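> Need coordinates for the below:
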Amino acid sequence: MIVELNGTSVELPEGATVADAVRELGVNGEVRGVAVAIDGEVVRRADWAMTRLSSDQCVEVVRAVQGG
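Numbers count the residues shown, from 1 in each chain. Model prediction:
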């Protein structure tokens, strides 16, 4: 299936979850400050492994960073 992952079309296996998408980006899902939204709706971290993705969904993974 094809999803839009942080603005790029990415092929993920059928049945892929939010956790799979986070791993696809190389982001460690256990790190504090990581958030995920599907089609503009935030997904709770506790639901990442259970939330299956569908083709053509828009997935945004963001990570808060400290800087100045």
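
> Spell out, range by range, the helices that occur in the protein.
18-24 (DSSP state H).

> give me the low-pLDDT residue ranges for it?
Low-confidence segments of the chain (pLDDT under 70): 29-31, 68.

> give me every residue that touches the residue nearest to Ala16 when sequence neighbours are not counted.
Nearest residue to Ala16, sequence neighbours excluded (CB to CB, 6 or more residues apart in numbering): Leu53, at 5.2 Å. All C-beta spots, glycine's among them, are computed from the backbone N, C-alpha and C. Contact analysis of Leu53 by CB atoms under 8 Å, 6 or more residues apart in numbering lists 1, 3, 12, 16-18, 20-21, 38, 59.

> can you count the residues close to Ala37?
By the criterion of other CB atoms under 10 Å, Ala37 has 14 neighbours.

> Run through the bridge partners of it.
Note on Ala37: beta-bridge partners by DSSP bridges are Val42, Glu60.

> which residues does it contact?
43, 59-60, 62.

> Among those, which one sits closest to Val34?
Val62 (7.3 Å; CB to CB).

> The closest one and Gly26, how far apart?
To Gly26, Val62 is 14 Å away according to CB to CB, to the nearest Å.

> Quick one, which of the contacts of Ala37 are buried?
The neighbour count (16 or more other CB atoms under 10 Å) marks 43, 59-60 as buried among the contacts of Ala37.

> Closest one of the residues you listed to Arg32?
Using CB to CB, the buried ones among the contacts of Ala37 come closest to Arg32 at Val43, 16.1 Å.

> Quick check: the gap between the closest one and Thr17.
10 Å.

> Also Gln57?
On the measure of CB to CB, Gln57 and Thr17 end up 12 Å apart.

> can you check Val34 too?
Going from Val34 to Thr17 by CB to CB gives 15 Å.
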